[in-house]
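1. have a look at this prediction, sequence included:
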Amino acid sequence: MRNRIAVIALIAVSAVFGQGSKPGSDDGRIEDAVRIRLAGNRDTGGAGRIKVEVKNGAVVLSGPVESERQKAAAEKQAKKVKGVKSVTNQLVITEK
């Protein structure tokens, strides 16, 4: 339940601030799907600070994560989304 609320809030904030791709576009759908996968995956740490950008199906992940495991999990989840052509993982491991 908590994850669902977080996902809904994340999508709403993205829509309000115009972050990412145009809503309704294929890139916008991919971005939303990646964000949902990241937020719903325990290994990504909730993905609260991971930035997702999509252009022509190419996903770029950036921002801080706490471990190599979270970094790898985020990339793996992004690659599972239908329509993703490539994933560039620019996530940076930071200390707690």
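-> Arrived safely, thanks for sending.
2. nearest to the spatial middle of this protein, which residue is it?
-> The centre of the chain sits closest to Arg35, judged by CA atoms, centre = their mean, with a distance of 3.6 Å.
3. verify the contact between it and Val52 for me.
-> Yes: applying CB atoms under 8 Å, one finds Arg35 in contact with Val52, separated by 5.6 Å. In short, each C-beta sits where N, CA and C put it, glycine included.
4. what average pLDDT does the helix or strand containing the residue nearest to the centre of the chain get?
-> Using DSSP states H and E, Arg35 maps to helix 26-39. Averaging pLDDT along helix 26-39 gives 95.
5. return the set of buried residues in that helix.
-> 27-39 (16 or more other CB atoms under 10 Å).
6. quick one: least confident helix or strand in the chain?
-> helix 2-17 (a mean of 51; mean pLDDT, DSSP states H and E).
7. list the contacts of the residue lying closest to Ser86 once chain neighbours are set aside.
-> Excluding the flanking residues, the one nearest Ser86 by CB to CB, 6 or more residues apart in numbering is Ala58, at 4.8 Å. Residues near Ala58 by CB atoms under 8 Å, 6 or more residues apart in numbering: Val84, Lys85, Ser86, Val87, Thr88.
8. equivalent analysis for Leu91, please.
-> Ile50, Leu61, Ser62, Gly63, Pro64, Val65, Gln70, Lys71, Ala74, Glu75.
9. parallel or antiparallel, list what pairs with the helix or strand where it lies.
-> Assigned by DSSP H and E, Leu91 belongs to strand 86-93. Strands that pair with strand 86-93, judged by DSSP bridges, come out as strand 58-65 (parallel).
10. what angle separates the strand it pairs with from helix 26-39?
-> If you take axes from the mean of the first three to the mean of the last three CA atoms, to 10 degrees, strand 58-65 sits at 30 degrees to helix 26-39.
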